[in-house]
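A.B. asks: sequence first, then the predicted structure, then my questions.
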Amino acid sequence: MNNSIEISQYLKQLWANPEARQKRHLDLRTARTISLTDNYPDTASWAAANIATQLQESTNFKANGCLLDVGCGSGLYLNLLDGSYKFAVGMDKSPAALAQFPGNSEKAQPLRGDILNLPFAPETFGAAMANRMLNLTGAIQRALNEIRRVLVTQGLLFIVTAEREEGATLRKAHEAALIESGFPERFYTRSSPPDQRLGRENGERWLREAGFEVRQILDYERVIAPLSLAEALELYATGLLFQRSLGFDEPGIEPERWTKLYQAMEARLAALLELEGKLEIRDGATLFTAYKSL
């Protein structure tokens, strides 16, 4: 786009219709995806399928049947896993996220709460999930300790981490552009520093130190390519800009700041395209399966 007025109008249109924004993002992503792990279209469907298999095969979980999803958001994973548990609690700190929780499920209940202070008695749940949220706590070990407390002995823990995605092209450029554009500190302070995040390489250590034994580690990857500069910016503006960063669905920032962020991303992606001759986005996640040791 040629000027800040055009960018501002474009972003304003995206804000005005979240459903249309989501559709534009998914349509472009689907059209440019050239590789998927096991042909699953997204991380959630891939992870949920693997989690469901392990829940259904676990004699220990069947005896308890209660599942906890910490940082559940709108309840997507619990909805995908509906046939795999007797009862579930979806917990999140965000009232806005919980407001989207499915209201027609008798087996899954939403609850506002904090992973660092779980409001449950010890050994309440047969399994727990933490999907793409541990690195937002700023206190991973404490969060894992709390999850361990509320799990039965040998209870299962599933962690989906977006750490691999955080190293992807858009994510790295986005984090640098945030700082360059002068966004307020509240966009960073609740996240764990890069050297203290749980990811593919160090996840087993984090879990072992919290009293878990790792049973399985699986990886998911999606490759999106080739992308023109305009397509990469569209993918960013309709997805990561509004949906992938803590607080970005709170439009309490002056429009000029959003425009400046978009312009910073445009410059970074243009430089990357010139340097490498192409724009290819690899994103994905890792699924850790562990159990509470004796």
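C.D. replies: In hand now; what should we look at? Numbers count the residues shown, from 1 in each chain.

A.B. asks: for Gln216, which non-adjacent residue is closest in space?
C.D. replies: Distances taken as CB to CB, 6 or more residues apart in numbering place Thr289 nearest to Gln216, at 4.3 Å, with adjacent residues excluded. Where you see a C-beta, it was placed from the backbone N, CA and C, and this is true even at glycine.

A.B. asks: please apply the same query to Leu157.
C.D. replies: Closest to Leu157 by CB to CB, 6+ apart is Ala290, at 4.8 Å.

A.B. asks: gap between the strand or helix carrying the residue nearest to Gln216 and the chain center?
C.D. replies: Taking DSSP states H and E as the criterion, Thr289 maps to strand 279-292. On the basis of CA atoms, centre = their mean, to the nearest Å, strand 279-292 is displaced by 10 Å from the centre of the chain it belongs to.

A.B. asks: one more: stretch 265-274?
C.D. replies: The answer for stretch 265-274 is 25 Å, by CA atoms, centre = their mean.

A.B. asks: buried stuff in stretch 13-31?
C.D. replies: The neighbour-count check on stretch 13-31 (16 or more other CB atoms under 10 Å) flags Leu14, Arg21, Arg24, His25, Leu28, Arg29 as buried.

A.B. asks: what about the third one, helix or strand, and which?
C.D. replies: Right, the one you point to is Arg24. helix 18-32.

A.B. asks: who's in contact with the next helix or strand after that helix?
C.D. replies: Where DSSP H and E defines the elements, the next helix or strand beyond helix 18-32 is strand 33-36. Identification of contacts with strand 33-36 by CB atoms under 8 Å, 6 or more residues apart in numbering yields Glu221, Arg222, Val223, Ile224, Ala225.

A.B. asks: same thing but 10 Å
C.D. replies: Residues outside strand 33-36 that contact it (CB atoms under 10 Å, 6 or more residues apart in numbering) are 41-42, 46, 220-226, 280-282, 284.

A.B. asks: if anything else comes up later, I'll come back, but that's it for now.
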